[in-house]
Every structure is written in C-alpha cells, then in structure tokens.
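**Student:** A structural model of the following input is requested.
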Amino acid sequence: MHETERHRVILAAVQARPLATVADLVDITGTSEATIRRDIAALHVQGRLRRVRGGAEAINPPEQGGLMGRPFSVNETINIAQKRAIARAAADLCKDGEPIIINGGTTTYQMVHYLTGRRLSVFTNSFAIAEHLIHNSRNSVVIPGGTVYREQNVILSPFGGVVASHFYAKRMFIGCQGLGAHGLMEADPMVVQSELALINQAEELIVLADSSKFEGRSSLILCGLERISMVITDSGIREADRTMLEKAGVGLTVVDAGKESANQSASVA
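**Tutor:** Residues are numbered from 1 along each chain as shown. Coordinates of the predicted model:
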C-alpha cells in the first residue's frame, strides 16, 4: 500500500473510533509498526490527527461514529482484476427469478456489472450496489433501514433489521476482512452483527475473496468454515489454503484474473 493510501486509511480509522491504536492500524494497512508510527508522526505534524500514547485520535471527531476497516474508495482500487473475475463467476451462479443477498464490499460491488441484464430479487445493505442496480437494471432491489456509513458505503442498524428477518435468499454473496482456519473474519463489531442476521436468511453462503484475504486477520470471527458453501477466489491462492478449504468441505472456484483483464480491454477497444 502506497503512503497516500495508508494516510487515507489511517485518517478514516481515527475518525471511526475514539482511539485508533498502532496495532489496529497495522492490521488494517498490513504494514509494519515502525511504518505506522512514522505515518502517525507525519500526519500529526501536518495537523491532520493528534498523536497520543499508543496510537492516534481525530482532531475533530464526528458526531456519527465510523466503522473500522479501509474505506470503500481505497479498497475499490486494490486487486481490481481479481475482484472483477471473482464477481463474474459469482454472477454466473444466479438465475433469473431467484432471491439473493449481496453484502456490501468492493468485491461484491463488482457483481453489479454482470447483473444488469438479469431479473433477480436483490437484498443488499450496500448503498452503492443498490444505487447502481436501480439505475442500470430491472432487478428488484430491497435495502434495510439504518444509517449510511459513507466510508464503507453500507447501510447498518444497531437495532437489527425487520426487513432482513423476512427476506429469504437462495444465496448470500459476501466479502471479508480475512479468511482462515477459524473461519470468516471482519473488522468491526457492528458489521459482524449485521452480517450474522443476513447469513441466517440464506441457504448458501458464497464468499468472494481474492487470494490476499487468506493472509488477512482480525479478532472478530463472523462464522466458521462449516457455514460456508463455496469460496470464489483467484489463482494466487496457496496450496495450503486450498487444502484447508477441502478438509472443511468448502467448495472452491478459482478464476483467472488475467483472462478477465483481457476481456475488459477487449470491451474498451
């Protein structure tokens, strides 16, 4: 991650909670403690945050708290070819007339480009996904009530969702912060609370995760591997991670990101 991107992530994190610790920022950015401390010092000198013992805090904290994790705008540009190839494979699983859930995230967002010609009933907590499908498709779109968190482009409610509890889905498509032997991991407790409610409404849970997510870690486990029906990832997946999923009985689809890049270039030409 480049310095400019790290700084955007750090500033978003300090706006999201009273104190963003060095350890928190190391997890979110995937960089070293020394690098984070240098970044905090630089941003402190620029007057963009306040350096405190063990981390950093916002100069002017917002009234509405944010969510932990990288902003949508930053994540959207990372591993984009892999995300598009994964999203295409996910969209190929959908059949007209089916009810599906698409959880908010930058990989799941890429599905919208392959669903424009479909007629599905889509429940999503992603403001960006809902907006795109409403304006560019004839899919039926259902969204939950709650607060729009601008940095992550999702709609969440601390009180649960009445609409979600009555929406049945054949499949739920979901991204993640990390994926390991303990299961699916997320960065923020409120995101976990929201996703747990949605998971229970779907027959199958399909995880969209580029191969870098197998190295991602968080202290919050959303669900174990036994709840996951399938993982769609790219050819960068390690053999150890393939074996882990196989032993857990999780289906695996591996896509070719290079082929997707060629398709995108051809369509532009």
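**Student:** I figured S229 hits A202, correct?
**Tutor:** No: if you go by C-beta atoms under 8 Å, S229 and A202 don't touch, sitting 9.1 Å apart. C-betas here are computed from N, CA, C, even on glycine.
**Student:** Common neighbours of the two, please.
**Tutor:** Jointly contacting S229 and A202 under the rule C-beta atoms under 8 Å, 6 or more residues apart in numbering are R171.
**Student:** what about these two, which has more around it?
**Tutor:** For S229 versus A202, neighbours defined as other C-beta atoms under 10 Å are more numerous around A202 (22 against 15).
**Student:** any idea what R84 is structurally, helix, strand or coil?
**Tutor:** Per DSSP: H, G, I helix; E, B strand; the rest coil, the secondary structure class of R84 is helix.
**Student:** What distance do you get for it to G30?
**Tutor:** Remark: distance between R84 and G30 (C-beta to C-beta, to the nearest Å) = 22 Å.
**Student:** In terms of neighbours, single out the busier of the two.
**Tutor:** Just comparing R84 and G30: by other C-beta under 10 Å the higher neighbour count belongs to R84, 21 against 14.
**Student:** Let me know whether that one touches Y109 as I believe.
**Tutor:** No: here R84 lies out of contact with Y109, judged by C-beta under 8 Å, at a distance of 10.3 Å.
**Student:** List the residue ranges of the stretch 51-200 of the chain that fall below the pLDDT cut-off.
**Tutor:** Within the stretch 51-200 of the chain, the stretches with pLDDT under 70 are 61-77, 146-165, 188, 190.
**Student:** Please, where are all the helices along the stretch 101-250 of the chain?
**Tutor:** 106-109, 127-136, 162-165, 189-199, 239-247 (DSSP state H, counting those that start in this stretch).
**Student:** Select, out of these, the one closest to Q15.
**Tutor:** The closest of the helices of the stretch 101-250 of the chain to Q15 is helix 189-199. By C-beta to C-beta, the value is 15.0 Å.
**Student:** and the closest one, what other elements does it pack with?
**Tutor:** strand 154-156, helix 162-165, strand 169-174, strand 220-223 (3 or more C-beta pairs under 8 Å, 6 or more residues apart in numbering; DSSP states H and E).
**Student:** Now tell me what touches the third one from outside.
**Tutor:** What it means is strand 169-174. The contact list for strand 169-174 (C-beta under 8 Å, 6+ apart) reads 90, 93-94, 98-103, 105, 108, 111, 123, 184, 195, 198-199, 201-208, 229.
**Student:** Now list the buried members of those.
**Tutor:** Those of the contacts of strand 169-174 that meet the buried threshold are 90, 93-94, 99-103, 105, 108, 111, 123, 184, 195, 198-199, 201-202, 204-208, by 16 or more other C-beta atoms under 10 Å.
**Student:** quick one: the residue nearest to R138 when sequence neighbours are not counted from S140, how far?
**Tutor:** What sits nearest to R138 in space, not counting adjacent residues and going by C-beta to C-beta, 6 or more residues apart in numbering, is R119, at 5.7 Å. From R119 over to S140 the distance is 8 Å, taken as C-beta to C-beta.
**Student:** cool, and T243?
**Tutor:** According to C-beta to C-beta, T243 and S140 sit 40 Å apart.
**Student:** Settle it for me: which of those two has more neighbours?
**Tutor:** S140 (13 against 10).
**Student:** If the nearest residue to the more buried one once chain neighbours are set aside is in a bridge, with which residues?
**Tutor:** Spatially, and ignoring its direct neighbours in sequence, S140 is nearest to S121 (4.5 Å; C-beta to C-beta, 6+ apart). Here S121 sits in beta bridges with P99, S140, going by DSSP bridges.
**Student:** give the contact list for S121.
**Tutor:** Contacts of S121 by C-beta under 8 Å, 6+ apart are 97-100, 139-140, 142.
**Student:** Just give me the closest of these to I221.
**Tutor:** The nearest member of the contacts of S121 to I221, counting by C-beta to C-beta, is I100 at 24.0 Å.
**Student:** most remote residue from the protein's center?
**Tutor:** V45 (31.8 Å; C-alpha atoms, centre = their mean).
**Student:** how close does that one sit to I134?
**Tutor:** According to C-beta to C-beta, V45 and I134 sit 44 Å apart.
**Student:** Likewise for L198?
**Tutor:** For L198, the distance to I134 (C-beta to C-beta) stands at 20 Å.
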